[in-house]
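Participant: here is a sequence with its predicted model. Questions after.
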Amino acid sequence: MIACLTIPGLELKAALRRTPSLALRPAALAPEPQGEPLLGPVTAAAEAAGVRAGMRLGEGLATCPSLALVEPDAAGAELAWEEILHALEDAGFAVDPASLGVVYFETLGVERLYGGLEPALRRALAAVGIEWDARIGAAGRRFAALAAASVARPGQVVVVADEELPQFLAPLPLTLLPLERGRYEELEALGVRKLGQLAGLPGGAVAERLGPDGRRAWGLARGGVAARVRGRRPPVHVAASFEFPEAVGNELTLRRALAGLVETALARPERRDRFVRKVALAARLESGGSWRRTLTLREPSADSDRIRVALSPRLAELPAPVTEIRLELVELTEPTGQQLDLLAAGAEDRSRLRDGLRQVRASTGSGSVCTVVEVAPWSRVPESRALLVPKDE
Amino acid sequence: MVARAGESRAARTEGRVVARFNAPRAARVEANANGTPLEVNHRPVGLVREEWRVVDRWWTEEPIVRRYFELVLESGENTVVFHDGSSGGWYTQRGA
């Protein structure tokens, strides 16, 4: 079974930890400083007053004049999410996080440990804790597990057996599908509002009308493909932070602080001989919120100048003066990742190729690098001759 | 319809789900009364270089009946399209 644990509105819950009294009042996550003026997740009281996530700010305030806006805390949410993933890993679950607040894991390995499927899923909920209102859906396929989690109440586990899958998915809304907003409207105009209605259409017709995205959505509406969940490689935690005595907005000062942080982080003993593949720069803003950006380097490096130059342009994106700046080395290479062979020239090329592929994977995610494997080269049907197999290592 | 068969079977290698290489992609094709393509994705056909049929897997529940056309578009691009006898849809395909 594949389980999907979701925490709707994780960003809001993380931001509300600083002002817990707002949790019971109409409140919504404020729009990103440089983004569209759209509200983020909302509290139950705000929802009861008619405010919805994704609503325009002006409309939200007109609907509920007492609506309180909570400053986004992107770094806090990332940190909280990482703590949740760690808690799950400590409980024995090999997690595959899909996005902030959505994580998948296989239950097969832990069912025996905890005495069955439901006890294992209860253990996962207990590991996360009750304050996050986590819920779990479990099914034979990833999308079905996500759909099951979407109908579960906080703290509830919903398990869908394979034979019940079509009946379970049929009445669910199309918004579960990863489609662009315009596509939902297009489908609704055609009278298709539920997954079951989409699944009942001929696949060829859906592909012709909606293209490859629509075809993929149609496949998901029928349950999706059976894919195994691969647990992530737990990230390393090498970080350095600097707290300013007072809020700083001067770019020169920030650049100097960043240069110091890069040197400090690279000198940390946990890094040892490893090169840096991916970094994150976070800041605590004067207004109380936070800001975070991640960056995958073009090639792994332990050169402080190179990392500093790559990160410096991000400082210009800071929306407000900051009181604290933090640098995290999110992903490092293996200790021998950059070791060159003395004699075999070909080995160096292979090593560089392997490392380049790891870099692409770090940038675009697991499964993005594939290899072509011939399975029936004699077949008269072209797509039966070879398969694309994810090349994860 | 092979694309559907490809999904439902969820080809696996070493326990991992894989995708088919050169899988057909849906195309918008205008054809004449004989079924010969005149336009592929709104681009006019300049020349039909070859035409052939593939009938396979007739012993399964998902038989393949395809009429392939190797075309040269007026833009000079070569392409291969086929008409699927089961679904009635048109597809482009590489590697044919």
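Facilitator: Alright, I've got the coordinates.
Participant: quick one: buried residues of the helix or strand of chain A with the lowest mean pLDDT?
Facilitator: When the helices and strands of chain A are scored by mean pLDDT, DSSP states H and E, helix A:345-364 comes last with a mean of 78. Within helix A:345-364, the residues that count as buried by 16 or more other Cβ atoms under 10 Å in any protein chain shown are A:S351, A:D355, A:L357, A:R358, A:Q359, A:R361, A:A362. For glycine as for every other residue, the C-beta is placed from the backbone atoms N, C-alpha and C.
Participant: could I get those residues as TSV with distance to chain B?
Facilitator: Listed next are these as TSV, based on distance: Cβ to the nearest Cβ, whole Å:
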residue	distance to chain B
A:S351	24
A:D355	22
A:L357	16
A:R358	18
A:Q359	22
A:R361	15
A:A362	20
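Participant: and the pLDDT at residue 95?
Facilitator: All of this refers to chain A. A:V95 carries a pLDDT value of 89.
Participant: not what I meant, chain B
Facilitator: Note for B:G95: predicted pLDDT of 81.
Participant: low pLDDT regions in chain A?
Facilitator: Within chain A, the segments meeting pLDDT under 70 span A:335-348, A:392-393.
Participant: quick one: the strands in the chain?
Facilitator: Looking at chain A here, since you left the chain open. For chain A, the strands defined by DSSP state E occupy A:2-6, A:27-29, A:68-70, A:95-99, A:102-106, A:135-139, A:157-159, A:238-248, A:276-285, A:290-301, A:322-332, A:370-374, A:386-390.
Participant: looking at chain B here, not the other one
Facilitator: Assigned by DSSP E, the strands in chain B fall at B:12-13, B:16-17, B:19-20, B:25-26, B:29-31, B:37-40, B:43-56, B:64-73, B:78-84, B:90-92.
Participant: surely A:F168 touches A:F143?
Facilitator: No: using Cβ atoms under 8 Å, A:F168 is not in contact with A:F143, being 11.5 Å away.
Participant: the more surrounded of the two?
Facilitator: Taking other Cβ atoms under 10 Å in any protein chain shown, A:F168 and A:F143 do not tie; A:F143 has more neighbours (25 against 21).
Participant: contacts only, for the more buried one.
Facilitator: Counting by Cβ atoms under 8 Å, 6 or more residues apart in numbering or on different chains, A:F143 makes contact with A:L176, A:L220, A:G223, A:G224.
Participant: as a markdown table, those with neighbour count and distance to chain B would be great.
Facilitator: As requested, these are arranged in a markdown table below (neighbours: other Cβ atoms under 10 Å in any protein chain shown; distance: Cβ to the nearest Cβ, whole Å):
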| residue | neighbour count | distance to chain B |
| --- | --- | --- |
| A:L176 | 17 | 18 |
| A:L220 | 24 | 10 |
| A:G223 | 23 | 10 |
| A:G224 | 23 | 9 |
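Participant: from the residues you listed, which land in helices?
Facilitator: Of these, the ones assigned to helices by DSSP state H are A:L220.
Participant: quick one: which of the strands of chain B is nearest A:R153?
Facilitator: Shortest separation from A:R153 across the strands of chain B is recorded for strand B:16-17, at 30.9 Å, computed as Cβ to Cβ.
Participant: what mean pLDDT does that closest one have?
Facilitator: pLDDT averaged over strand B:16-17 gives 53.
Participant: over to stretch B:41-55?
Facilitator: Averaged across stretch B:41-55, pLDDT comes to 92.
Participant: hmm, back to that, and the strands of chain A as a markdown table, adding mean neighbour count?
Facilitator: Output for those, formatted as a markdown table (neighbours: other Cβ atoms under 10 Å in any protein chain shown):
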| stretch | mean neighbour count |
| --- | --- |
| strand A:2-6 | 26 |
| strand A:27-29 | 26 |
| strand A:68-70 | 19 |
| strand A:95-99 | 17 |
| strand A:102-106 | 23 |
| strand A:135-139 | 26 |
| strand A:157-159 | 20 |
| strand A:238-248 | 15 |
| strand A:276-285 | 23 |
| strand A:290-301 | 18 |
| strand A:322-332 | 22 |
| strand A:370-374 | 13 |
| strand A:386-390 | 19 |
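Participant: could the ones you listed go into a markdown table alongside distance to chain B?
Facilitator: A markdown table is the format used below for the strands of chain A (distance: least, Cβ to the nearest Cβ, whole Å):
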| stretch | distance to chain B |
| --- | --- |
| strand A:2-6 | 12 |
| strand A:27-29 | 35 |
| strand A:68-70 | 40 |
| strand A:95-99 | 13 |
| strand A:102-106 | 11 |
| strand A:135-139 | 15 |
| strand A:157-159 | 21 |
| strand A:238-248 | 31 |
| strand A:276-285 | 23 |
| strand A:290-301 | 24 |
| strand A:322-332 | 22 |
| strand A:370-374 | 5 |
| strand A:386-390 | 4 |
